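K.L.:
sequence unknown, structure follows:
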């Protein structure tokens with residue numbers, strides 16, 4: 001039983017986050033709302049003519065269609081509405097029965113169609129299509145390529161673009177951020193915030209939920225718990241409610257115990273028998289207070305202690321990867337030290353997954369990759385859950401690969417990942433996306449490693465499970481290279497960032513929050529610069545005023561300083577790379593030498609940070625001019 005007498009209403013401009021554990025029935029509920037599945041009982045009332053846009057986790061795609069044309073196909077309704085309006089307006093011109101009921105119905109229909117036209121947008125269709133596709137990460141050169149040339153994640157973006165372009169009155173989105181990079185997620189946030197219709201959203205991205213939704217509906221034990229609050233506020237309110245329930249139950253149990261003692265005391269006395277009987281009836285009528293099950297069942301992950309490794313875990317020199325004529329990246333020089341926790345970020349297609357595959361020896365490359373002394377790698381691929389044998393049971397999946405002593409505790413290990421009782425006999429084929437991900441993560445714990453490489457490990461995991469995984473990774477004493485687009489998951493977990501962009505890797509010695517703020521500032525500065533350039537090009541050509549000449553002079557001076565500053569930053573980053581290597585190779589027993597190297601490293605890093613601040617200031621000044 002997924003739901004039992006489930007009832008709630010969706011209003012015109014609601015922003016609802018649908019939350020609950022994996023397997024609670026969230027995706028099924030969206031399918032019922034979309035009309036794909038039917039409820040066993042009960043009803044769903046929908047206003048006549050309501051337009052619904054539904055994005056499932058999996059779907060079929062038109063492989064031969066070009067990206068732009070496939071996205072534009074979603075706007076067929078625009079043409080239908082405008083054609084219908086033209087027909088009705090032509091009909092009105094020829095009619096003279098102004099007082100008739102039929103004439104009034106035509107006017108009402110024209111009003112409804114105009115309202116719908118405003119909803120879906122009556123601007124330049126091609127511009128709208130391009131704006132949405134670019135926002136979701138496509139390049140202009142991608143627009144004429146066929147769907148078959150793209151991965152499943154990129155095809156899903158096209159389907160998302162089609163739904164967003166339709167601007168339906170009700171948006172049903174099932175994990176829309178799963179295949180988006182950080183920049184595209186931020187764009188989608190802004191788009192949905194400005195959407196005029198209602199939204200029901202399933203997402204395991206806390207920040208995304210908090211930014212987009214204003215109401216949270218939790219599905220738990222067949223019931224709906226409805227809160228007019230964003231996800232983080234809902235969690236706080238829910239915990240307070242559970243605490244009140246616990247206190248109320250404790251007080252009730254105390255009352256029951258005291259009443260039972262009175263019953264035992266007076267039952268044997270004839271003069272008090274009636275009183276004892278009335279107390280017993282009172283207990284029978286008393287409705288027992290139940291405490292809701294909220295975050296009581298969590299996966300319990302603890303990575304095995306990392307075996308000893310050398311100070312340098314990984315080093316690459318002139319690492320280059322190409323597929324035919326396409327260069328993914330070239331001449332990468334990277335170094336990863338023991339115990340580091342590094343976030344690998346960048347747009348989809350930048351080469352993040354490719355880099356992890358090269359490190360784990362799955363593909364050929366040019367250049368050199370050197371693994372450190374006694375380095376053992378644990379690798380979680382982005383499609384790890386899909387690689388599970390669908391015909392095996394949950395227990396067989398783990399038991400068949402467990403070696404040595406751990407075989408004795410397979411059931412306990414599965415229990416820690418919320419596979420208990422009959423669940424361990426389930427076939428992999430019937431598991432939800434989140435359950436498959438949990439099972440794939442469970443496999444990772446079968447043998448101890450000292451270098452974990454995780455490629456999007458949180459896809460399909462519920463919020464509670466993600467929090468537990470994050471804490472386990474914080475406590476992991478080995479080295480971590482983590483590919484993720486989940487900002488909340490990365491926050492506070494990593495201290496260094498490898499950003500893949502333009503066939504290179506930039507190293508940032510900062511937290512994810514600092515990095516995102518820097519990227520946002522850079523994007524704004526770039527936007528302002530482009531806006532200023534466009535304004536300048538549109539101005540009537542003529543002789544520049546003295547003021548304009550002064551501005552051009554200032555701009556030239558600022559640009560000169562900017563170029564010089566970029567050269568200085570480049571030199572400093574080379575010095576920082578050298579300092580990093582010296583630290584990695586240092587004798588940690590020599591505390592004096594180690595302190596000197598650390599001090600030198602921190603000084604260079606501070607100089608780079610200050611240079612970047614000046615760089616941002618110069619960019620803003622140039623943009624203003």
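P.N.:
Okay, I see it. The shown structure was predicted, so the numbers you read here are calculated from the model rather than taken from an experiment. Numbers count the residues shown, from 1 in each chain.

K.L.:
quick check: longest helix of the chain.
P.N.:
helix 546-585 (DSSP state H).

K.L.:
Can you name every helix or strand that whichever helix or strand comes after it contacts?
P.N.:
Moving toward the C-terminus from helix 546-585, the next helix or strand (DSSP states H and E) is helix 591-624. Based on contacts counted as 3 or more Cβ pairs under 8 Å, 6 or more residues apart in numbering; DSSP states H and E, the elements that helix 591-624 packs against are helix 512-538, helix 546-585. The way it works is simple: take the backbone N, C-alpha and C, and place the C-beta from them, glycine included.

K.L.:
quick one: buried residues of stretch 244-263?
P.N.:
Burial within stretch 244-263, assessed by neighbour count using 16 or more other Cβ atoms under 10 Å, is assigned to 259, 263.

K.L.:
Also stretch 565-578?
P.N.:
Residues of stretch 565-578 classed as buried: 569, 572, 573, 575, 576 (neighbour count, 16+ other Cβ under 10 Å).

K.L.:
got a list of contacts for it?
P.N.:
The contact list for stretch 565-578, computed with Cβ atoms under 8 Å, 6 or more residues apart in numbering, reads 333, 335, 507, 509, 601, 604-605, 607-608, 611-612, 614-615, 618.

K.L.:
Any quick ChimeraX command for the buried ones out of these?
P.N.:
The following ChimeraX line selects those of the contacts of stretch 565-578 that are buried, judged by 16+ other Cβ under 10 Å:
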select :335,507,509,601,604,605,608,611,612,615,618
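
K.L.:
which element is residue 250 on?
P.N.:
Using DSSP H and E, residue 250 falls within helix 231-266.

K.L.:
Would you mind checking the average pLDDT for that helix?
P.N.:
When the per-residue pLDDT values of helix 231-266 are averaged, the result is 88.

K.L.:
on contacts alone, who are the packing partners of that helix?
P.N.:
Packing contacts for helix 231-266, counted by 3+ Cβ pairs under 8 Å, 6+ apart, involve strand 15-19, helix 206-212, strand 215-220, strand 223-227, helix 273-285.

K.L.:
Take these and write them to TSV, including mean neighbour count.
P.N.:
Converted to TSV, the helices and strands packed on helix 231-266 look like this (neighbours: other Cβ atoms under 10 Å):
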stretch	mean neighbour count
strand 15-19	24
helix 206-212	22
strand 215-220	21
strand 223-227	17
helix 273-285	12
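
K.L.:
Quick one: the ones you listed as CSV, columns for distance to residue 485 and mean pLDDT too.
P.N.:
Compiled in CSV, those are given as follows (distance: least, Cβ to Cβ, whole Å; pLDDT from 0 to 100):
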stretch, distance to residue 485, mean pLDDT
strand 15-19, 18, 93
helix 206-212, 10, 90
strand 215-220, 22, 90
strand 223-227, 27, 89
helix 273-285, 55, 84
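
K.L.:
nearest to residue 380, of these?
P.N.:
Taking Cβ to Cβ as the criterion, helix 206-212 is the member of those that comes nearest to residue 380, at 20.9 Å.

K.L.:
any chance you could map the strands in the stretch 401-550 of the chain?
P.N.:
Listed from the start of the chain, the stretch 401-550 of the chain has strands (DSSP state E, counting those that start in this stretch) covering 451-455, 479-483, 496-501, 504-508.

K.L.:
could the ones you listed go into JSON lines alongside distance to residue 583?
P.N.:
Converted to JSON lines, those look like this (distance: least, Cβ to Cβ, whole Å):
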{"stretch": "strand 451-455", "distance to residue 583": "18"}
{"stretch": "strand 479-483", "distance to residue 583": "15"}
{"stretch": "strand 496-501", "distance to residue 583": "12"}
{"stretch": "strand 504-508", "distance to residue 583": "14"}
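
K.L.:
could those strands be laid out in CSV, adding distance to residue 87 and mean pLDDT?
P.N.:
Formatted as CSV, the entries for the strands of the stretch 401-550 of the chain read as follows, by distance: least, Cβ to Cβ, whole Å; pLDDT from 0 to 100:
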stretch, distance to residue 87, mean pLDDT
strand 451-455, 54, 94
strand 479-483, 53, 94
strand 496-501, 51, 90
strand 504-508, 57, 90
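
K.L.:
and residue 341, which of these is closest to it?
P.N.:
From those, taking Cβ to Cβ, the stretch that ends up closest is strand 479-483, at 4.4 Å.

K.L.:
Need the contact partners of the closest one.
P.N.:
Contacts for strand 479-483 (Cβ under 8 Å, 6+ apart): 306, 309, 313, 336-345, 352-353, 356, 359, 382, 450-457, 473, 490, 493-494.

K.L.:
Of the residues you listed, grab the buried ones for ChimeraX.
P.N.:
The following ChimeraX selection, which keeps only the buried ones among the contacts of strand 479-483, applies the criterion 16+ other Cβ under 10 Å:
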select :306,309,313,336,337,338,340,341,342,343,344,345,352,353,356,359,382,450,451,452,453,454,455,456,457,473,490,493,494
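
K.L.:
dump the residue contacts of residue 318.
P.N.:
When contacts are counted by Cβ under 8 Å, 6+ apart, residue 318 is found next to 331, 332, 333, 366, 367, 368.

K.L.:
and it, that's in a strand?
P.N.:
Yes - under the criterion used here (DSSP: H, G, I helix; E, B strand; the rest coil), residue 318 sits inside a strand.

K.L.:
What's the separation between it and residue 500?
P.N.:
In this structure, residue 318 and residue 500 are separated by 16 Å, where distance is defined by Cβ to Cβ, to the nearest Å.

K.L.:
Can you find the helix or strand of this structure with the lowest average pLDDT?
P.N.:
helix 512-538 (a mean of 62; mean pLDDT, DSSP states H and E).

K.L.:
what's the first-to-last distance across stretch 282-290?
P.N.:
The distance separating the two terminal residues of stretch 282-290, taken as Cα to Cα, to the nearest Å, comes to 18 Å.

K.L.:
In the contacts of residue 318, find the pair that's most separated.
P.N.:
Pairwise distances across the contacts of residue 318 (Cβ to Cβ) peak at 13.3 Å, for the pair 333 and 366.

K.L.:
Identify the contacts common to these two.
P.N.:
Between them, residue 333 and residue 366 share the contacting residues 318, 319, judged by Cβ under 8 Å, 6+ apart.

K.L.:
tell me the phi and psi of residue 335?
P.N.:
Summarising the backbone geometry of residue 335 under the convention degrees, to the nearest 10, its torsions are phi -140, psi 130.

K.L.:
Quick check, pLDDT for it.
P.N.:
In this model, residue 335 carries a pLDDT of 92.

K.L.:
Residue 32 too?
P.N.:
So, for residue 32, pLDDT stands at 92.

K.L.:
what mean pLDDT would you report for stretch 62-72?
P.N.:
Taken as a whole, stretch 62-72 has an average pLDDT of 88.

K.L.:
what's the offset of that stretch from the middle of its chain?
P.N.:
Between the mean C-alpha location of stretch 62-72 and the chain-wide mean there is a distance of 25 Å, by Cα atoms, centre = their mean, to the nearest Å.

K.L.:
Helix, strand, or coil at residue 48?
P.N.:
When the structure is split into helix, strand and coil by three-state DSSP, residue 48 lands in coil.

K.L.:
From residue 225, how far off is it?
P.N.:
Counting by Cβ to Cβ, the gap from residue 48 to residue 225 is 30 Å.

K.L.:
Next: residue 280.
P.N.:
34 Å.

K.L.:
Could you do residue 257 as well?
P.N.:
To residue 225, residue 257 is 30 Å away according to Cβ to Cβ.

K.L.:
just residue 473 next, same as before
P.N.:
To residue 225, residue 473 is 30 Å away according to Cβ to Cβ.

K.L.:
what does residue 179 give?
P.N.:
Computed as Cβ to Cβ, the residue 179 to residue 225 distance reads 29 Å.

K.L.:
Does residue 22 touch residue 434 like I think?
P.N.:
Yes - counting by Cβ atoms under 8 Å, a contact exists between residue 22 and residue 434, whose distance comes to 3.0 Å.

K.L.:
who's more crowded, the two?
P.N.:
A count of neighbours by other Cβ atoms under 10 Å puts residue 434 above the other of residue 22 and residue 434, at 24 against 21.

K.L.:
thought the more buried one was touching residue 464?
P.N.:
No - distance between residue 434 and residue 464: 10.6 Å, which falls outside the contact criterion (Cβ under 8 Å).
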